[in-house]
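Q: Quick one, fold the following:
(one chain, ligands or ions: 1)
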Amino acid sequence: MTHNIIDKIIDYSDPSKEEIIELLNDNCDAYLFSKAAEITEKIFGREIHIRGIIEFSNYCKSSCHYCGINGLNKDATRYRLESNDIVSIAKEATLAGYKSIILQSGEDPFYDADKISDLIRQIKKLGDVALTLSIGEHSFEAYRQWKKDGADRYLLKHETADKTLYNKYHPPSSFEKRLKCLEDLKSLGYQTGSGFMVGLPGQTIESLADDILFLKKLDVEMAGIGVFIPHPKTPLAQYPPGDNLIALKCVAITRILLKKTHLPITTSITVNNAQKSFNPFCTGANVVMKKIEPYKYQKLYDIYPNPLIQDVSIYENRRKLEASIISYGRKVSESRGDAAGFN
Ligand code: SF4
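A: Numbering: from 1, shown residues only. Okay, here's the model as predicted:
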């Protein structure tokens, strides 16, 4: 029965919420994953895109309840990289082979619109590199300014489509505000990424189905689906981590539904798979993101505990990642990895 639902989604991309719930509840992983992998290979070949993330500030005025660098965590050691250091890291990354750089930070007012503009212009001068911003909620005017300056993409996860849960865990934001930001980004022509977390306390399978349908409705170019990992210094410290299998099923359902959308294998899923018990590319993911700021800062960008970071150079880290991708029977893409219709 669920095989029929999977085939129908592949053909018509128009599932009901009940059908997605049935897939999430059913033991259909083998068929679902094989179909997701088949579609991924048909659209992207065996190529995996690597994105380099520069986490340039862990100051944040928000207080998301699951996040170890939320503004209320007085135990977090804060850092902020200088603009020239950020550009140097981006340059080193391009020399190591990166063609896609993500600038990520907490919501840090120190980096105002003009400082971000300056960073965008300097990094775009380095060559043919796609620049993604992942710096939270801002005004339409700021988003417009950065687009004009050359930013190509923007990542802003909706985290959960359950409005009550969203509002509870994301003070002082609101679901309406997040949605408005996402709509602004789409309207300005950004390649827009959203995504959600699997396993938030209080989340239901029904709301995960809403999350997948939300991605479809927004017609995102990228979608990051991660698992909740409790951080000891947050209000959600005592809750268990999310279920990796459910997260992978969400990735696979998103793949058979959205087909051309770029889907990373998120770091949280990788952390939860430290024993390498599954092939991370077998369920529809075609992107990997790698931290590239110096190691001492990687440790401090502590949204959730991540034992996998290593103190190696950008170049060496990239070579290791490339070897790992190849070991899974995939190929490292040499392109910027723009979304369909943007290249
Ligand atoms: S998830 Fe992002 S916006 Fe929320 S507290 Fe953490 S860094 Fe700030």
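Q: going forward, measure contacts between C-alpha atoms and count neighbours the same way
A: OK.
Q: how would you label Leu133: helix, strand or coil?
A: On the three-state scheme (DSSP: H, G, I helix; E, B strand; the rest coil), Leu133 is labelled strand.
Q: Does Ala37 fall in a helix, a strand, or a coil region?
A: Following three-state DSSP, Ala37 is assigned to helix.
Q: quick one, what contacts it?
A: Neighbouring residues of Ala37 by C-alpha atoms under 8 Å, 6 or more residues apart in numbering: 281-284.
Q: Run through the bridge partners of the spatially most central residue of the chain.
A: Central residue of the chain (C-alpha atoms, centre = their mean): Gly224, 3.5 Å from the mean position. Partner residues in beta bridges with Gly224, using DSSP bridges, are Gly195.
Q: residues in contact with it?
A: Remark: with contacts taken as C-alpha under 8 Å, 6+ apart, Gly224 is in contact with 157, 193-196, 263-266.
Q: again, but for His3
A: Applying C-alpha under 8 Å, 6+ apart to His3 gives the contacts 28, 31-32.
Q: separation between Asp210 and Glu159?
A: Distance, Asp210 to Glu159, by C-alpha to C-alpha, to the nearest Å: 11 Å.
Q: For these two, indicate the residue with more neighbours.
A: Neighbours per residue, other C-alpha atoms under 10 Å: of Asp210 and Glu159, the larger number sits with Glu159, 22 against 19.
Q: contacting residues around that one?
A: Neighbours of Glu159 in contact, by C-alpha under 8 Å, 6+ apart: 166, 194-197.
Q: try 7 Å
A: Each residue near Glu159 by C-alpha atoms under 7 Å, 6 or more residues apart in numbering is listed here: 195-197.
Q: Just the ones in helices from the contacts of Ala37, please.
A: Assignment to helices by DSSP state H places none of these there.
Q: most neighbours, which of those?
A: Among the contacts of Ala37, Gly284 has the most neighbours (other C-alpha under 10 Å), with 32 neighbours.
Q: quick one on the thing from earlier: out of the contacts of Ala37, the closest to Tyr143 would be?
A: Gly284 (30.1 Å; C-alpha to C-alpha).
Q: so the closest one makes contact with Cys250?
A: No: counting by C-alpha atoms under 7 Å, Gly284 does not reach Cys250; the two are 9.8 Å apart.
Q: Need the contact partners of the longest strand anywhere in the chain.
A: Ranked by number of residues, the top strand in the chain under DSSP state E is strand 47-57. With contact meaning C-alpha under 7 Å, 6+ apart, strand 47-57 is reached by 79-81, 86, 98, 100-106, 286-293, 301, 330-333, 337.
Q: Report the buried members of these.
A: Listed as buried from the contacts of strand 47-57 are 80, 86, 98, 100-106, 286-293, 301, 330-333, 337; burial here means 16 or more other C-alpha atoms under 10 Å.
Q: On the C-terminal side of the lowest-mean-pLDDT helix or strand in the chain, identify the next helix or strand.
A: When the helices and strands of the chain are scored by mean pLDDT, DSSP states H and E, helix 267-271 comes last with a mean of 70. Next helix or strand after helix 267-271 toward the C-terminus (DSSP states H and E): strand 287-291.
Q: Name the residues of the stretch 101-250 of the chain found near the ligand, please.
A: Neighbours of the ligand within the stretch 101-250 of the chain, by C-alpha under 6 Å from any ligand atom: 106-107, 136.
Q: In whichever strand or helix holds Ile116, which residues are buried?
A: Using DSSP H and E, Ile116 sits in helix 113-124. By neighbour count on 16+ other C-alpha under 10 Å, the buried set for helix 113-124 is 113, 116-117, 119-124.
Q: Stretch 151-164 too?
A: Under the neighbour-count criterion of 16+ other C-alpha under 10 Å, stretch 151-164 has 151-162 buried.
Q: so of these, which ones are in strands?
A: Using DSSP E, the buried residues of stretch 151-164 in strands are 153-155.
Q: Tell me the one of those nearest the ligand?
A: Distances from the ligand to those, taken as C-alpha to the nearest ligand atom, are shortest for Leu155 (11.2 Å).
Q: Report how many residues lie close to the closest residue in space to the closest one that isn't next to it in sequence.
A: Closest residue in space to Leu155, ignoring its immediate chain neighbours: Gly193 at 4.4 Å, by C-alpha to C-alpha, 6 or more residues apart in numbering. Under the neighbour criterion other C-alpha under 10 Å, Gly193 is assigned a count of 27.
Q: same deal with Ser327?
A: Residues near Ser327, counting by other C-alpha under 10 Å, number 11.
Q: Can you give me every residue that contacts it?
A: Listed by C-alpha under 7 Å, 6+ apart, the contact set of Ser327 is empty.
Q: Contact partners for the residue of the stretch 101-250 of the chain found nearest the ligand?
A: Relative to the ligand, the nearest point of the stretch 101-250 of the chain is Gly106 (3.8 Å; C-alpha to the nearest ligand atom). Gly106 makes contacts with 57-60, 135, as judged by C-alpha under 7 Å, 6+ apart.
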